[in-house]
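Chemist: predicted model follows, preceded by the sequence.
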Amino acid sequence: MAHEPILIAIESFLAETGMGVSYFGEKSVRNSKLVRRLRSGRPIQSDTEVRVRAFMTDEMAKWKAAKRLLRKSRDADLPQVASAHS
């Protein structure tokens, strides 16, 4: 993701996580209009881009960890089916 143009990276992140655009902007750089402005062609300052990429990296790690925990929790709740070969 590091060399990917920032808007493409953001769009990919939003699609994968389901996070809303305003929420993303607010949480990443305290600017709820960030994504809309980038979509309209406005440039991004390099320090802002660094903060956005760091936010996406951190949040994606948290999101993937939560997904793994949820999957484990669901698997633990499923009844065990006896093997046909037992």
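Modeler: Okay, I see it.
Chemist: low-confidence ranges, the protein, go.
Modeler: Residues of the chain that meet the criterion pLDDT under 70 lie in 1-3, 77-86.
Chemist: kindly list the longest helix within it.
Modeler: Ranked by residue count and defined by DSSP state H, the top helix of the chain is helix 46-77.
Chemist: helices or strands next to that helix in the packing?
Modeler: When contacts are defined as 3 or more Cβ pairs under 8 Å, 6 or more residues apart in numbering; DSSP states H and E, helix 46-77 packs onto helix 6-17, helix 21-29. Quick note: C-beta positions are derived from backbone N, CA and C, even for glycine.
Chemist: any buried residues in the shortest one, and which?
Modeler: Read that as helix 21-29. Neighbour counts over helix 21-29 (16 or more other Cβ atoms under 10 Å) mark Val21, Phe24, Gly25, Ser28, Val29 as buried.
Chemist: could you dump the residues you listed into CSV with distance to Ser12 added?
Modeler: CSV is the format used below for those (distance: Cβ to Cβ, whole Å):
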residue, distance to Ser12
Val21, 13
Phe24, 12
Gly25, 16
Ser28, 14
Val29, 18
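Chemist: tabulate the helices and strands packed on helix 46-77 (a markdown table), appending distance to Leu70.
Modeler: Formatted as a markdown table, those follow (distance: least, Cβ to Cβ, whole Å):
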| stretch | distance to Leu70 |
| --- | --- |
| helix 6-17 | 14 |
| helix 21-29 | 20 |
